[in-house]
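Student: Compute the structure for the input listed below.
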Amino acid sequence: MDQEKQVTITGHCLCGDVSFDVKGNVSAVTFCHCDQCQRWHGNYAAYTGCQLQDLVFTSNDSLAWYQSSDVARRGFCSNCGSSLFWDRLGSSGIGIAAGSLVMPTGLSPAEHIFMKSCGDYYTIKDGLPQLKGDHDTGV
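Tutor: Next up, the predicted model:
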């Protein structure tokens, strides 16, 4: 992961039925503008990430997974519907929705990805790198 930071942070869904701790390195926040993230989150997504071994669930009875493509799945709370995770199958890391984390996180933004798919109703002017990418593969 690029721009990693050693942290101990907690996160949870809207209703609190899924809660977790991260103890280890997390990546800087990436903003994903792909078609799937827009539909999954209702707009572009903000993700950080960690190694699977650094993610510890304190409650996950309502954690459910949606297989969004041949290579990835998305984790959400089956009770309140909060989108929480992006998991590339077979990877040792996992993406965590930055909005699920308890503030302050101490994280920094890194970049915008898949700008080729970004919505026509907003403009990004934060000075971060904007990677075009072609993301209709459904990952």
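Student: what residues are up against the residue nearest to S19 when sequence neighbours are not counted?
Tutor: Using Cβ to Cβ, 6 or more residues apart in numbering and skipping the chain neighbours, the partner closest in space to S19 is H12 (3.9 Å). From N, CA and C alone the C-beta is placed, and that goes for glycine too. Contact analysis of H12 by Cβ atoms under 8 Å, 6 or more residues apart in numbering lists V18, S19, F20, S59, S100, V102.
Student: G133 and L52: what is the separation?
Tutor: As defined by Cβ to Cβ, to the nearest Å, G133 lies at a distance of 25 Å from L52.
Student: do the same with L131
Tutor: Relative to L52, L131 is positioned 25 Å away (criterion: Cβ to Cβ).
Student: With neighbour numbers in mind, choose between these two.
Tutor: Taking other Cβ atoms under 10 Å, L131 and L52 do not tie; L131 has more neighbours (13 against 10).
Student: K116 belongs to a strand?
Tutor: No - going by DSSP: H, G, I helix; E, B strand; the rest coil, the assignment for K116 is helix, not a strand.
Student: Number of residues surrounding the residue nearest to it when sequence neighbours are not counted?
Tutor: Taking Cβ to Cβ, 6+ apart as the measure, K116 lies nearest to K132, with 4.7 Å between them; neighbours along the chain are not counted. Each residue near K132 was counted by other Cβ under 10 Å, and the total is 13.
Student: Repeat that for F57.
Tutor: F57 has 11 neighbouring residues, counting by other Cβ under 10 Å.
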